[in-house]
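> Return atomic coordinates for the entry below.
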Amino acid sequence: MRALFLHLAALAACLHGTALAASIWVEGEAPAQSTAQKHNWYDAVKTDVLSGGAWLSHYGNKPGEAAYEIEVPAADNYTLWARLNPVGSEPRWRLDDAPWQAITTGTAQQQQNVAGDGKIDHRFIAWVKVGAVRRSRPAFTPTARKRCAARDSKG
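Numbers count the residues shown, from 1 in each chain. So this is what the prediction gives:
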């Protein structure tokens, strides 16, 4: 099985084969489509801990979505990972036009506070295992959706 990592703060797709590792890195600041809403307070983060010094963020009353067109080198089984905010949000994902699925954040890895002022609020990022993906064709469109559950918890 190969691993596919999606970094939603700055989208990154990494593919790891069992015999020979290959990687694809796609920055998430420029999705193919997005309804993400920027917010001055939420975007006041430590950019030095973000890939490329930036992230695609969403902070608003309605869910924000970001869709990415990704090509993989071969049809195979993949594991989808995402670097996203596991705190105060309700992340979901879908592949192509499949139904939305919840992203379980309880096993988040390498979680870190990215708040520019160092306050403990809900400006965190972490790696989260999203799910298994079987690809029979080389191109696909994973879409992420974020709902802000902690809309008024500005610390």
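> Okay, now the unreliable bits of the protein?
1-26, 136-141, 147-155 (pLDDT under 70).
> Please repeat the previous calculation with a cut-off of 90.
Applying pLDDT under 90 to the chain flags residues 1-33, 36, 38, 50-84, 86-98, 101, 106-107, 122, 128-155.
> Show me where it has its strands.
Secondary structure of the chain (DSSP state E): strands located at 2-7, 15-16, 33-34, 64-67, 70-71, 76-84, 92-95, 101-102, 109-113, 124-135, 139-140, 142-146.
> May I see those strands organised as CSV, with distance to residue 50 and mean neighbour count added?
Glycine gets a C-beta too; all of them are placed from N, C-alpha and C. What follows is those, written out as CSV (distance: least, CB to CB, whole Å; neighbours: other CB atoms under 10 Å):
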stretch, distance to residue 50, mean neighbour count
strand 2-7, 9, 22
strand 15-16, 22, 17
strand 33-34, 17, 14
strand 64-67, 15, 20
strand 70-71, 20, 15
strand 76-84, 9, 21
strand 92-95, 20, 18
strand 101-102, 25, 13
strand 109-113, 10, 13
strand 124-135, 8, 18
strand 139-140, 25, 14
strand 142-146, 16, 23
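> Dump those strands to a markdown table, plus distance to residue 51.
Formatted as a markdown table, the strands of the chain follow (distance: least, CB to CB, whole Å):
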| stretch | distance to residue 51 |
| --- | --- |
| strand 2-7 | 6 |
| strand 15-16 | 17 |
| strand 33-34 | 17 |
| strand 64-67 | 15 |
| strand 70-71 | 16 |
| strand 76-84 | 8 |
| strand 92-95 | 19 |
| strand 101-102 | 25 |
| strand 109-113 | 13 |
| strand 124-135 | 10 |
| strand 139-140 | 21 |
| strand 142-146 | 16 |
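> Which among these is found nearest to residue 46?
strand 109-113 (8.2 Å; CB to CB).
> what sits against the closest residue to residue 105 other than its chain neighbours?
Distances taken as CB to CB, 6 or more residues apart in numbering put residue 86 closest to residue 105, at 3.5 Å, once the chain neighbours are dropped. If you count contacts by CB atoms under 8 Å, 6 or more residues apart in numbering, residue 86 has them with 105, 108, 111, 124-126, 128.
> do the same with residue 101
92-94, 131.
> please redo it, this time with the cut-off set to 10 Å
91-95, 130-131, 145 (CB atoms under 10 Å, 6 or more residues apart in numbering).
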